[in-house]
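Colleague: curious how this folds, go ahead:
(2 chains)
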Amino acid sequence: MRPDEVTNMAHGNAAAGHGDHHRPPKGVMRWLTTTNHKDIGTMYLVFSLAMFLIGGVMALLIRAELFQPGLQLVDPGFYNQLTTVHALVMVFGAVMPATVGLANWMIPLQIGAADMALPRMNLFSFWLLFFAFVLLISTFFVPGGAPAAGWTLYPPLVLQTGNAFPMAIFAIHLMGASSIMGAINVIVTIVNMRAPGMTLLKMPLFSWSWLITAYLLIAVMPVFAGGVTMLLTDYYFHTSFFNAAGGGDPVLFQHVFWFFGHPEVYIMILPAFGIVSEIIPTFSRKPIFGYEAMVYAIASIAFLSFIVWAHHMFTVGMPLAGQLFFTLSTMLIAVPTGVKVFNWTTTMWRGSLSFEPPMLFALAFLFLFTIGGFSGLMLAIVPADFQYHDTYFVVAHFHYVLVPGAVFGIMAAVYYWLPKWTGHMYDMNIAKWHFWLTAIFVNVLFFPQHFLGLAGMQRRIPDYPTQFTDWNMVSSIGGFGFGLSQLLFVWLIIRCVKGGQRATAGVWDWPHGLEWTVPSPAPYHTFEKSPELH
Amino acid sequence: MAQDKQTGQYYFPHGSRLPFFGSASLFVLMAGAAATLNGASIGVWVLGVGFLLLCALFFFWFGEVIRENQAGALFYARQLSVPWLGGDGAKAVTGLLWPDFEASWPSNGPGALSPRDNGSYEIIPAFGLPAINTALLLTSGLTITIAHHAMKMGNRGMLKIFLALTFLLGFTFLGVQAHEYGEAYREHGLQLGTGIYGSTFFMLTGFHGLHVTVGAIMLVVIWLRCMKGHFTPHQHFAFEAVAWYWHFVDVVWLGLCRGSASSWQALHRDRRQYRRGQDRADAIPVPALRHQAVLRAKRPESLPRGLLR
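Modeller: A predicted model of the protein is given here:
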């Protein structure tokens, strides 16, 4: 909702009397049985943080191995398991659950709903995800080790996986079921449960970004599930989907995978767009510039994400018309993305800026995500892509959009809403230290990988020619700096949960939106009666 | 969650153990399936336990929803779902992006994967048993509509009869389908491993059959609820939801039948080309594959027969 309408909002409906039946049970049973959107959101966020650390340890092992040429720490097979599971954990365990956790916490608060529409399914969705990761991580301990063919799981290479093969595929099925349930829940909640007067084009941009993300999820998760199911039946039940001898085609899997995989990257970044669109206005003390344009830009990006998938496959070979189409459709995404970047910038124009931690992360997002976007445009050019494909340039590109993009967006959101969740202000000094260390080290970590890739260093290989040593050492130092800085983040969150200066309902200097009308911490039940908007 | 229209108050479902229980049972099911596929002897037992747990989950979960519904909590559904249909643009896209694309269908591949020694197989004609099955499903779509009208008119006798007819037609469909699978396996050389055609045929019809099974079970549950006196002429969302699902299964079948019929036509076109003396290997566009096909034509014993793995 837009800030000019906030002042008239009904107050006092938030903490109205609760009966005892609304109190959660104590101890572990609370978390096993809760149907409360705030509890479930908290579980998602904690799970995501844990996965971020686990996936981060894998990344540090990779960077330690790459610190110098030659094979030092891990054997090449295990190295490939690390790159594969690092990706799966970060994509499905860290980034996606974090945005789902934020959606759970914030969408009902932003649209004035009492809870998510389907609370039991909400809990089901969380625990499915938990067990999916139990299954996936346990593959490290079975004969043959974890999957090692890369997160893209291309056949025929992936068919060399040992006992982990069906486990990984079933884990993906569980994750997919969980994501689809979460997405349905978001759509049903937003479509049905907005407070009276909260028309769609008054809805906060974070909720908007999630509504569109949810459609992407529902559209592509079944495609991925279908693709891996065909892998499974090819492996165990003699089907020929990806077997050329039977008239199938391994390239079909790549098409299926990327028809899922490309929208998937927008599933990770669109909620971050929404978050940044909340934060920049707050700390510019100005409403967002071009609200409707922002909504339409997200929708166009989402649409375009379905017709660009084969740009991941230029080197596989395709007709000239196909190369032209996928190059141009990919470049077209720069238009709505440019609209968003310029609107964020224009929101700050002549604003009264202040640089609290959420704003710092949002600004870093703005600059660094844009770098990732530009390298994406370079990759969209077919002849150039022939050189960049499968090099560290690609690694640098997608880490720029995912780490200072999606992850910075999530961290910005945590710094923005943490006082609302815990009722305490966090330590601003630690937060600023965390920001500056993270923002500097993330560049030390990933920027040199552009140079390595352009010079021809291949991805997914534990060794490299000696001329790549210097930049790999720089990158590894950046990696360890980045990883260790995150311990500050964990420490800050723990301290903030335990105590600190009381937060007011508004928390920030220029709060806008329904979530800032309820006390901090937000009571266990909010908006049991819909707020009235005028 | 439901909202009381008069007071604007929301109904909160209380905390529930079922989601955790359900996730754990799915985990057991998946772990069991993985262990079975990896050849562990305990796998089947774990799989069985997981399946039983899952059945229990459905029983308890839907039981709880039904109880809440009977107690007056309205699980409303604003009917906004738009059918996500499409796909006719596919031809235009293929023509534009892949001008040299040549369909080669039906096919069991250059390896001629088939249980038969000569690598041949027949596809199921669309106008035999599949036509009967189409009639069965379409009729069941009609009977469930009659049952729905009976429900709305308050004619419970007719409702029960036509609902029962619907799921009986559904189970008959499944029986015919099983018979057809048996014929395909035994007589037509058409198996899951018969190249890409066998894979596609059995995966599509198999998953459809799975959905028919689920739909028929749901119809039985709704029928039992009707026998117990649930639902009113104005409040029967569960019935409607199952009816939607049943129609969806129906529509998917029609799509499958159309695909199957066009395979049949394609095959006959192929055979006519054969009669005109056209070499089949020439029709395969990729040189490497053509090479394999020629190899097969010359030395059939040099390639593994039956199921390649």
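Colleague: for the residue nearest to A:Val490 when sequence neighbours are not counted, phi and psi?
Modeller: The shortest distance from A:Val490 to any non-neighbouring residue, by CB to CB, 6 or more residues apart in numbering or on different chains, is to A:Leu49 (7.0 Å). C-beta coordinates here come from the backbone N, C-alpha and C atoms, glycine included. Backbone torsions of A:Leu49, given as degrees, to the nearest 10, read phi -60, psi -40.
Colleague: count the residues that sit near the closest residue to A:Thr33 other than its chain neighbours.
Modeller: Using CB to CB, 6+ apart and skipping the chain neighbours, the partner closest in space to A:Thr33 is B:Gly15 (3.8 Å). A count of nearby residues for B:Gly15, using other CB atoms under 10 Å in any protein chain shown, gives 20.
Colleague: contacting residues around B:Gly15?
Modeller: Residues near B:Gly15 by CB atoms under 8 Å, 6 or more residues apart in numbering or on different chains: A:Pro24, A:Pro25, A:Arg30, A:Thr33, A:Thr34, A:Thr35.
Colleague: if we can go back for a sec, could you check the pLDDT of the residue nearest to A:Val490?
Modeller: Note on A:Leu49: pLDDT of 97.
Colleague: again, but for A:Ser476
Modeller: For A:Ser476, pLDDT reads 97.
Colleague: try B:Gly89
Modeller: pLDDT, B:Gly89: 48.
Colleague: what of A:Ala10?
Modeller: Value for A:Ala10, per-residue pLDDT: 38.
Colleague: returning to that earlier point: quick check: the residue nearest to A:Val490 touching A:Leu492?
Modeller: No. With contact defined as CB atoms under 8 Å, A:Leu49 does not reach A:Leu492; the gap is 11.7 Å.
Colleague: can I get stretch A:217-227 in CSV, CA atoms only?
Modeller: Only the C-alpha atoms of stretch A:217-227 are listed here, as CSV (Å, rounded to 0.1, in the frame of the first residue of the first chain):
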residue,chain,number,x,y,z
LEU,A,217,6.9,-21.6,-9.0
ILE,A,218,3.6,-23.4,-9.9
ALA,A,219,4.5,-23.2,-13.6
VAL,A,220,8.0,-24.6,-13.4
MET,A,221,8.4,-26.9,-10.4
PRO,A,222,6.3,-29.7,-12.1
VAL,A,223,8.5,-29.4,-15.2
PHE,A,224,11.6,-30.0,-13.1
ALA,A,225,9.9,-32.8,-11.2
GLY,A,226,8.9,-34.4,-14.6
GLY,A,227,12.4,-34.0,-15.9
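Colleague: isn't A:Gly478 up against A:Gln449?
Modeller: No. With contact defined as CB under 8 Å, A:Gly478 does not reach A:Gln449; the gap is 9.5 Å.
Colleague: so for the two, which sits in the more crowded spot?
Modeller: Neighbour count, other CB under 10 Å: between A:Gly478 and A:Gln449, A:Gln449 has more, with 25 against 21.
Colleague: if we can go back for a sec, show me which pair in the contacts of B:Gly15 is furthest apart.
Modeller: A:Pro25 and A:Thr35 (11.7 Å; CB to CB).
Colleague: higher neighbour count, those two?
Modeller: Counted by other CB under 10 Å, A:Pro25 and A:Thr35 do not tie: A:Thr35 has more neighbours, with 23 against 12.
Colleague: how far away is the nearest residue to the more buried one once chain neighbours are set aside from A:Leu82?
Modeller: With CB to CB, 6+ apart as the criterion, A:Thr35 has its nearest non-adjacent residue at 3.6 Å, and that residue is A:Pro119. Here A:Pro119 is placed at a distance of 37 Å from A:Leu82 (CB to CB, to the nearest Å).
Colleague: do the same with A:Arg120
Modeller: For A:Arg120, the distance to A:Leu82 - CB to CB - is 37 Å.
Colleague: check B:Met158 too.
Modeller: From B:Met158 to A:Leu82 the distance is 64 Å (CB to CB).
Colleague: who has more neighbours out of those two?
Modeller: Neighbour tally, B:Met158 and A:Leu82, criterion other CB under 10 Å: the higher count belongs to A:Leu82, 23 against 15.
Colleague: so what's the residue count around the residue lying closest to the more buried one once chain neighbours are set aside?
Modeller: Using CB to CB, 6+ apart and skipping the chain neighbours, the partner closest in space to A:Leu82 is A:Met58 (4.9 Å). Other residues near A:Met58 come to 20 when the count uses other CB under 10 Å.
Colleague: for A:Met58, what are its contacts?
Modeller: A:Leu82, A:Val85, A:His86, A:Val89.
Colleague: up against chain A, what does the stretch 51-200 of chain B have?
Modeller: Within the stretch 51-200 of chain B, the positions adjacent to chain A are B:61, B:76, B:78, B:80, B:84, B:96-100, B:104, B:107-111, B:113, B:191-200 by CB under 8 Å from any CB of the partner chain.
Colleague: give the buried subset of the residues you listed as a PyMOL selection command.
Modeller: Selection of buried members from these for PyMOL, criterion 16 or more other CB atoms under 10 Å in any protein chain shown:
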select buried, chain B and resi 61+97+104+107+108+109+110+111+113+191+192+193+194+195+196+197+198+199+200
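Colleague: ok so, going back, same drill for A:Leu49 and A:Leu492, tell me which one is more crowded.
Modeller: A:Leu492 (23 against 20).
Colleague: the more buried one: which element?
Modeller: helix A:469-498 (DSSP states H and E).
Colleague: packing partners for that helix?
Modeller: When contacts are defined as 3 or more CB pairs under 8 Å, 6 or more residues apart in numbering or on different chains; DSSP states H and E, helix A:469-498 sits against helix A:37-65, helix A:408-422, helix A:428-454.
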